[in-house]
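[1] Test case, fold it:
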Amino acid sequence: MKTTKAVQSSLDPFTMLRRMLFAVLFAGLSSAWAEPVPLLNGRVLDGEVSNATAQGFDLKLPYGQAKYAWRMVDLRRLPAVNPRLFQSYCNATGYRPPSPPAPAPVPAAPATPAPVAPVAAAAPASAASAGGGWPQWRGPNRDDISMEKGLLKEWPADGPPLAWKCEGLGAGYSGVAVAKGKVFTMGDVGEESQLIALDEATGKKLWSLKLGQPGQYGNYFGPRGTPSVDGDLVYALNQHGDLVCAAVATGKEVWRKSLRDLGGRPHGWGYAESPLVEGDKVLCTPGGAKGAIAALNKKTGAAMWQSKEFMDGAHYSSLVPATIFGMRQVIQLTAASVAGVAVADGKLLWRADRAGKTAVIPTPIYADNQVYVCSGYTVGCNAFKLTKETAGIKAAEAYATKDMANHHGGVILVDGHLYGHCDNNKKWLCQNFKTGEIVWSNAGVGKGSITYADGHFYLRSESGRGTVALIEASSKSYDEKSRFNQPDRSDKNSWPHPVIANGRLYLRDQDVLLCYNVKAK
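    Numbering: from 1, shown residues only. All right, here's what the predicted structure looks like:
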């Protein structure tokens, strides 16, 4: 920022410095948070904006009868604007942002569209090529549902048999992906953040690859996302936004990309997303004015598109794919909205305002033309009904309630009911997906994460002794069959979700990964 014109020179130095700092603070804070806000010619705070262009604008700050002009960077070029700060500005000045662009037209659906199963969203195009197992965040369909059968219905008091334990994985909250006879995860090890591959049978470390530097965000060290396996390639995104593609067999780096190069920047707790592979693309959410969602060529890392009509700042949720009215799309939840973007070209198909607080983390759920989202910090959940109209897809709120305020342990949809932990009442809940009505509640193992396999839920407590429980999946009542306390507990929250793949249960806790045999004999 520099002075371009002084209308009057009688302003005392202290006041001038104070106003300069205020202007810098406004621009700085505006770049730090979630929702991008276009700035038009008009009033801003107590100043006046004029000559606004893509390169900058003139800001006149009044002092008595005098006005002082400053050349400012155009806020449209900043990656994000703090929605709370912007709302205060709107309240003070009466400014209102322009309406979002109209959704892109949607092609006509087939005369008899295929029904969508209420249990899970449509499978990603890459799920089959990953060789089954658990190839990515929340499993093959990104719904935390395993297709495993023939698993134990009860456990011994000290838990199912331990197949192996691996140490040396470093700091972090990365989950695991299981494919191609390997287990993939991430961690801060020494002076590196690493992508790590283990032998699925023995837990032996096979290779590791440097993703970038180690580091913390909000006093939490290490990567937060889960690697994604597609064929002979694996993709990993660390806390700083370093996205790397490597060979599954050897760990050799194929390409890398920084999400900062796509206009993104880490939010308060860093990047926590898990990349999604769709066809010839790998998709991620850098956030910001260049486009919230980006698609890269999965073989080369070359940018294919960014969602220029959808420019929310990135939070911590991961993309979920779905085919809606014949259009393949990805759904993303931010601190400002939930939206659907076309996989083919990044066009905005629909968007619904939905304000979050502090951290928006859980992955959206889609079924029966309805999108369900939830988040913690007292916010709760919302469902949006999607309908096909001439202009495109319309999203209308079906319900909103604080009854399911899930922090980040995830919510699962099984047979028309949702299951997850609610921060607001500290209980595990069963919720009707269509209506939002709560069916039952139970304290269970306390706050934690959830996975489904073979008619049962696997609940994992995030704190204390790391209790893991086996619950019969039923909308009638909470029916616990077994539980055990995790050995080798760290002094951190055990946030990685339990994973079920090929008859094994995986529990990651910082430096340690425990692998249990849960296959029935």
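[2] Who are the contact partners of the residue nearest in space to the middle of the chain?
    The residue lying closest to the centre of the chain (CA atoms, centre = their mean) is Ser317, at 1.3 Å. The contact partners of Ser317, by CB atoms under 8 Å, 6 or more residues apart in numbering, come to 273, 285, 332-334, 360-364. From N, CA and C alone the C-beta is placed, and that goes for glycine too.
[3] Contact partners for the residue nearest to it when sequence neighbours are not counted?
    With sequence-adjacent residues excluded and distances taken as CB to CB, 6 or more residues apart in numbering, Ser317 is closest to Leu333, at 4.3 Å. For Leu333, the contacting residues are 315, 317, 354, 356, 360, 362-364, 373, 375, by CB under 8 Å, 6+ apart.
[4] Out of the contacts of Ser317, name the ones that lie in strands.
    The members of these that map onto strands under DSSP state E are 332-333.
[5] ok, and the most crowded of the contacts of Ser317?
    When neighbours are counted by other CB atoms under 10 Å, Thr285 leads these with 31 neighbours.
[6] returning to that earlier point: need the contacts of Ser317 in TSV (columns: pLDDT and distance to Lys205).
    TSV is the format used below for these (pLDDT from 0 to 100; distance: CB to CB, whole Å):
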residue	pLDDT	distance to Lys205
Glu273	98	25
Thr285	98	30
Gln332	99	34
Leu333	98	35
Thr334	97	36
Val360	97	34
Ile361	97	29
Pro362	98	31
Thr363	98	29
Pro364	99	34
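[7] buried stuff in stretch 149-158?
    Buried residues in stretch 149-158, counting neighbours by 16 or more other CB atoms under 10 Å, are found at 151-152, 155.
[8] contacting residues around it?
    Against stretch 149-158 from outside (CB under 8 Å, 6+ apart): 160, 453-454, 456, 470, 481-484, 500, 503, 518-520.
[9] Lowest-scoring secondary structure element of this structure by mean pLDDT?
    Counting by mean pLDDT, DSSP states H and E, the weakest-scoring helix or strand in the chain turns out to be strand 42-44, with a mean of 34.
[10] pretty sure Gly203 contacts Gly168?
    No - Gly203 is beyond contact range of Gly168, at 10.6 Å (criterion: CB atoms under 8 Å).
[11] Just want to know which of the two has more residues nearby.
    Here Gly203 and Gly168 are compared on neighbour count by other CB under 10 Å; more neighbours surround Gly203, at 16 against 12.
[12] list the contacts for the nearest residue to the more buried one once chain neighbours are set aside?
    Using CB to CB, 6+ apart and skipping the chain neighbours, the partner closest in space to Gly203 is Trp164 (3.7 Å). Applying CB under 8 Å, 6+ apart to Trp164 gives the contacts 202-203, 515.
[13] Is Trp164 in a helix, a strand, or coil?
    Put simply, Trp164 is strand when judged by DSSP: H, G, I helix; E, B strand; the rest coil.
[14] Any idea what it is bridged to?
    The bridge-partner assignment for Trp164, based on DSSP bridges, gives Cys515.
[15] any low-confidence regions in the stretch 51-200 of the chain?
    Scanning the stretch 51-200 of the chain for pLDDT under 70 picks out the ranges 51-132.
[16] if we can go back for a sec, widest-spaced pair of the contacts of Ser317?
    Thr285 and Pro362 (14.3 Å; CB to CB).
[17] now, which of the contacts of Trp164 sits nearest Arg224?
    Of all the contacts of Trp164, Arg224 sits closest to Cys515, with 21.2 Å by CB to CB.
[18] Count the residues that sit near the closest one.
    Neighbourhood size, Cys515 [other CB under 10 Å]: 25.
[19] hang on, the earlier thing: nearest to Gly175 among the buried residues of stretch 149-158?
    Using CB to CB, Leu151 comes nearest to Gly175 of those, at 19.4 Å.
[20] Can you tell me the closest non-neighbouring residue to that closest one?
    Asp454 (4.3 Å).
[21] is it true that the one you found touches Leu470?
    No - when contacts are counted by CB under 8 Å, Asp454 is not listed as touching Leu470 (10.2 Å).
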